[in-house]
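J.: need coordinates for the following:
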Amino acid sequence: MVFNIQPVLENDKVILYPLKETDFDALFTVASDPKIWEQHPNKDRWKKDVFKVFFDGAMQSKGAFIIVEKATGKIAGSTRFYDYNEQEHSIMIGYTFYATEYWGKGINLAVKATMLEYAFGFVEQVYFHIGSNNMRSQIAIGRLGAEKVAEQQVAYYGEPSRLNFVYRISKQEWLANNKQ
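T.: Reported below is the predicted structural model:
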C-alpha cells in the first residue's frame, strides 16, 4: 500500500481535506487573527503577504490540509504532513494553527489523533517541530504523549530559520496509550 500524505481524513469532530489553491481566501480569513500567531515562530503570519508565503509553502508540501469542523462546516485551521522518510519509517506533523474559537475545545486532539492513526499505518515514528516559544503547542503535544527529543533550527519556506523543539511519538507508545 502506498503512503498518500494528503488523503481526506475524518473523525466525529473534524474533516481534513487536502489544501487547494482555492482555499486561500477562506483560510486567510481564519489566519488573519494576530492572536493565533503570538507564540508561533513567525508572529506576522496574520498579514496577508506573509501568510501567502506560508500558504505557498503549504501547497508545495503536497501534504497540507484545511481543517473543517464537522458540526458547523466552518474552517477551524490547517495542518500538514511533511518530510516523510521511508528509510527511517518516519514523518513530521506540523505547521498547525487553529482559529481561537477552537482553542481548548478538543479540536487539536481530534486532528492529531486522526493524523497519527493514519500515519502509524505506514511509519513507526512521528515527529513534530514546535517553536521554542510556543508554550501552548508544547503543552498540547505533551498531552498526546510526545516527548521532546531535540532542538533544531528550522528553515521555514520563504522565511528565516527559527529555533524549534523536536518532539517524537512512536507507534508503540501511541498504541499502548490509546487502546480502545
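J.: could you use CA atoms for every contact and neighbour count after this?
T.: Will do.
J.: quick one: low-confidence parts of the protein?
T.: For the chain, applying pLDDT under 70 flags the ranges 179-180.
J.: can you map out the strands along it?
T.: Shown for the chain, the strands assigned by DSSP state E span residues 9-10, 14-18, 64-69, 75-85, 90-98, 125-131, 147-155, 161-170.
J.: turn these into JSON lines, including mean neighbour count.
T.: Output for the strands of the chain, formatted as JSON lines (neighbours: other CA atoms under 10 Å):
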{"stretch": "strand 9-10", "mean neighbour count": "17"}
{"stretch": "strand 14-18", "mean neighbour count": "22"}
{"stretch": "strand 64-69", "mean neighbour count": "24"}
{"stretch": "strand 75-85", "mean neighbour count": "21"}
{"stretch": "strand 90-98", "mean neighbour count": "20"}
{"stretch": "strand 125-131", "mean neighbour count": "24"}
{"stretch": "strand 147-155", "mean neighbour count": "15"}
{"stretch": "strand 161-170", "mean neighbour count": "19"}
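J.: among the ones you listed, which is nearest residue 1?
T.: For residue 1, the closest of these is strand 75-85, at 15.1 Å, according to CA to CA.
J.: export the closest one as PDB, just CAs?
T.: Taking Å, rounded to 0.1, in the frame of the first residue of the first chain, the C-alpha atoms of strand 75-85 are listed here in PDB:
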ATOM      1  CA  ILE A  75     -12.900  26.200   8.800                       C
ATOM      2  CA  ALA A  76     -11.000  25.600  12.000                       C
ATOM      3  CA  GLY A  77      -7.500  25.900  10.700                       C
ATOM      4  CA  SER A  78      -4.700  24.000   8.900                       C
ATOM      5  CA  THR A  79      -2.000  21.400   9.400                       C
ATOM      6  CA  ARG A  80       0.200  19.200   7.300                       C
ATOM      7  CA  PHE A  81       2.300  16.100   7.000                       C
ATOM      8  CA  TYR A  82       5.900  16.700   5.700                       C
ATOM      9  CA  ASP A  83       9.400  15.200   5.500                       C
ATOM     10  CA  TYR A  84       8.300  11.600   5.000                       C
ATOM     11  CA  ASN A  85      11.400   9.400   5.400                       C
END
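J.: re the thing from before, please convert the strands of the chain to CSV, extending it with distance to residue 55.
T.: Below are these laid out as CSV (distance: least, CA to CA, whole Å):
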stretch, distance to residue 55
strand 9-10, 20
strand 14-18, 13
strand 64-69, 9
strand 75-85, 10
strand 90-98, 10
strand 125-131, 17
strand 147-155, 15
strand 161-170, 17
